[in-house]
Structure formats: C-alpha cells, structure tokens
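# Test case, fold it:
(chains A and B)
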Amino acid sequence: ETAVFQTPNYHVTQVGNEVSFNCKQTLGHDTMYWYKQDSKKLLKIMFSYNNKQLIVNETVPRRFSPQSSDKAHLNLRIKSVEPEDSAVYLCASSRLGPQNTLYFGAGTRLSVL
Amino acid sequence: AQSVTQPDARVTVSEGASLQLRCKYSYSATPYLFWYVQYPRQGLQMLLKYYSGDPVVQGVNGFEAEFSKSDSSFHLRKASVHWSDSAVYFCAVRAGYNKLTFGKGTVLLVSP
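Numbering: from 1, shown residues only, chains lettered A, B, ... in the order given. I've put the predicted structure just below:
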C-alpha cells in the first residue's frame, strides 16, 4: 500500500528550465528524504528533513533546493536543469532514529534534453 | 566512515534454486544493517534489518539474512526463489544518526 506519494511520475524538460517535484507522506513520520538514483541504479542521499528542519545536506549543486511546508511534505526544486540531472528522484520518509525503516515513493523520472 | 560493498552486480539463478546475495560493510562498531528490494518502476521496500540479537534475521517473502561480525558481512538468502523475486537488491548500513548508505545493488534475474 503506497503511503509516500510523488508527483509527477515522469518529467521531460530542456536544459536551463526549472522543475519542481512534490512528495507527500501519510505515515505520520517526522523525517523525510530525497535520494537521487542514476542510470546505474546508484542511490545517493541529497537532503534530509526532520520536522521541517534540514538535517542532512549532501554536496549537491546549488541549483537543487528542498522545500518543506510541513512534516508531511518535502518538495524538490531544480532551478536550471543540466543534462546530468537526468535520473530518478526518490522521496522517502521514516521516524527519526537509525533503526527505523525508510518508506519510499515510486520516484519521479526526470529526462533533460 | 561507514560503507557497504555488494560484490556481485548481477546474479542469475533458476526458479526453485537457493539464493545468496553478498554484502560486506565497513564500520568500527556494529551498525544498523538493512536489505531493501526495488522492483521495476517502483521505490525501495525493506526486506529485513538487523542491529543486535540473533544473527539470523527473518524478513518478508521467505528472505533471511545472517550477520557476521568477524566477517563484517550481512548476506541475504532465500531457500527457493520465484520468478517474481527478480529485482534489484540493495544492502544498506547506518551508523548512529548518520545517513543511510546504500550499496551499488545486485540485479537478480530468476530464469524459468
């Protein structure tokens, strides 16, 4: 049963455009994440929020910015997309704590032409 | 710093055969260890996790994993695979409140 919802499923855009991806979780979790998965399936964390506060900010280009309105929502904006941004962006949520399971959405596949 | 290695990029097994997917971690103490699975066009789902206690942990769909401190390993096993087990399997490690770090994944193909 899906409890982490991502929109859109797919997005095709051109270099230099701005895109935004949405993520909502209905699990009552207090921590949310954005991961980037490349064409080789490699997963890298980009950001992590706990109760709307940024707690993990990996080395990602400045054109990426997360936006959290409340603890159930974590959006991702890319200001001026580059070809290397083509990937699947996975949103996840969990309770705070290292033992807790991450629940993932189905992902947003971005293609930059 | 924590890290995890999945030495097999791709594994092919026949339906009904047993399976082992390998995972080695690097961390000075015992971290939290997880196995996740990703089916095509879906997000990741957790199969099982370990931190302490019985080194053999049971997961969903008949999967189990065995933790070995001496070998720094957390291998995933299944006694009899089904074609629907074809997916990408990720081992992951988390030390304290650090980020969850994933291995590169192992693509499992179950042939009829």
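# what's the weakest-modelled helix or strand in chain A?
Least confident element among the helices and strands of chain A, by mean pLDDT, DSSP states H and E: strand A:53-57 (a mean of 78).
# in it, what's buried?
A:Val56 (16 or more other C-beta atoms under 10 Å in any protein chain shown). Glycine gets a C-beta too; all of them are placed from N, C-alpha and C.
# Which stretches in chain A count as strands?
A:4-7, A:10-13, A:19-25, A:31-37, A:43-50, A:53-57, A:64-70, A:73-78, A:87-94, A:103-104, A:108-112 (DSSP state E).
# before we move on, the earlier item: sheet-wise, list the partners of the least confident helix or strand of chain A with their directions.
strand A:43-50 (antiparallel) (DSSP bridges).
# Need the contact partners of the strand it pairs with.
A:30-38, A:54-58, A:60, A:64, A:66, A:68, A:71, A:74, A:76, A:90, A:96, B:44, B:90, B:99-100, B:102, B:105 (C-beta atoms under 8 Å, 6 or more residues apart in numbering or on different chains).
# what is the orientation angle of it with strand A:73-78?
Orientation check (axes from the mean of the first three to the mean of the last three C-alpha atoms, to 10 degrees): strand A:43-50 against strand A:73-78 gives 130 degrees.
# The residue of chain A found nearest chain B: what's it in contact with?
Nearest residue of chain A to chain B (C-beta to the nearest C-beta) works out as A:Phe104 at 3.1 Å. By C-beta under 8 Å, 6+ apart, the contact list for A:Phe104 reads A:Val4, A:Tyr35, A:Leu90, A:Cys91, A:Ala92, B:Gly43, B:Leu44, B:Gln45.
# Number of residues surrounding the residue nearest to the first one when sequence neighbours are not counted?
Spatial nearest neighbour of A:Val4, excluding adjacent residues (C-beta to C-beta, 6 or more residues apart in numbering or on different chains): A:Gly105 at 3.9 Å. When counting by other C-beta atoms under 10 Å in any protein chain shown, one arrives at 25 neighbours for A:Gly105.
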